[in-house]
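J.: Structure here, sequence nowhere to be found:
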């Protein structure tokens, strides 16, 4: 493989990377851990990380690196979802709940949760597959699955394709961003901005609708 990018450090604005061995030793494990962490807590912008890493790989004309980034990102997202779902299951089964289940409830607006539960009843696990492609759609659907006591194995069968589709989408955003500019940092910046805009659009639209409704 050619010198692979150090995706996470480049996205976060680190200095030049010394050599290919260091890139491979640090880059992919760091990417994996950040996406895994981002699946558990909302403070890590996982979509932006995937897009930024893809932009760097595209700028370096490294198709094999793009493939490895895709596999690492999808696996990390999948394992993170399974861990979070398992922790949520423990809260559903216990009388007092758990802090993980409470955290999921706090991250899912009541109206979004009710919509997710209704769609889950009507369309089954298809909703779970689509939920990762909708900004802020993953947690309400996951919580609806937990409250419906969906078995972990069934959740995993639907979440696998969902994570693959999510990774492909954000990697494509990174490739588009990387193709628009000649300098790597410009491609990364464009990919991150595109990701943030896509992620923020639904929330902004709901606020505008709420403001318009209040004004009537």
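T.: Done, it's in. Predicted model, so just to flag it, every value in this text is computed and none were measured.
J.: so who does residue 36 touch?
T.: By Cβ atoms under 8 Å, 6 or more residues apart in numbering, residue 36 lies in contact with 76, 77, 79, 80, 83. Quick note: C-beta positions are derived from backbone N, CA and C, even for glycine.
J.: repeat that for 10 Å
T.: 44, 46, 75, 76, 77, 78, 79, 80, 81, 83 (Cβ atoms under 10 Å, 6 or more residues apart in numbering).
J.: Equivalent analysis for residue 66, please.
T.: Residue 66 touches 4, 5, 53, 54, 56, 57, 58, 60, 171, 174, 175, counting by Cβ under 10 Å, 6+ apart.
J.: quick one on the thing from earlier: so which of the contacts of residue 36 sit within helices?
T.: Here DSSP state H is the test, and the contacts of residue 36 give 46, 75, 76, 77, 78, 79, 80, 81, 83 as lying in helices.
J.: burial count for the closest residue to the last one other than its chain neighbours?
T.: So the one you mean is residue 83. Once flanking residues are discounted, residue 83 sits nearest to residue 40: 6.5 Å by Cβ to Cβ, 6 or more residues apart in numbering. Residue 40: 15 surrounding residues under other Cβ atoms under 10 Å.
J.: Pretty sure residue 40 sits against residue 81.
T.: Yes - look at residue 40 against residue 81 with Cβ atoms under 10 Å: they come within range, at 9.2 Å.
J.: Helices of this structure, residue ranges please.
T.: 7-11, 20-40, 46-59, 63-93, 99-107, 110-123, 126-131, 138-147, 152-180, 184-215.
J.: quick one, the fourth one and helix 46-59 angle?
T.: When axes from the mean of the first three to the mean of the last three Cα atoms, to 10 degrees is applied, the directions of helix 63-93 and helix 46-59 differ by 170 degrees.
J.: State the number of residues packed around residue 139.
T.: Other residues near residue 139 number 22, with proximity taken as other Cβ under 10 Å.
J.: Could I get the pLDDT score of it?
T.: Reported pLDDT at residue 139 in the predicted model: 85.
J.: That concludes my questions; thank you for your assistance.
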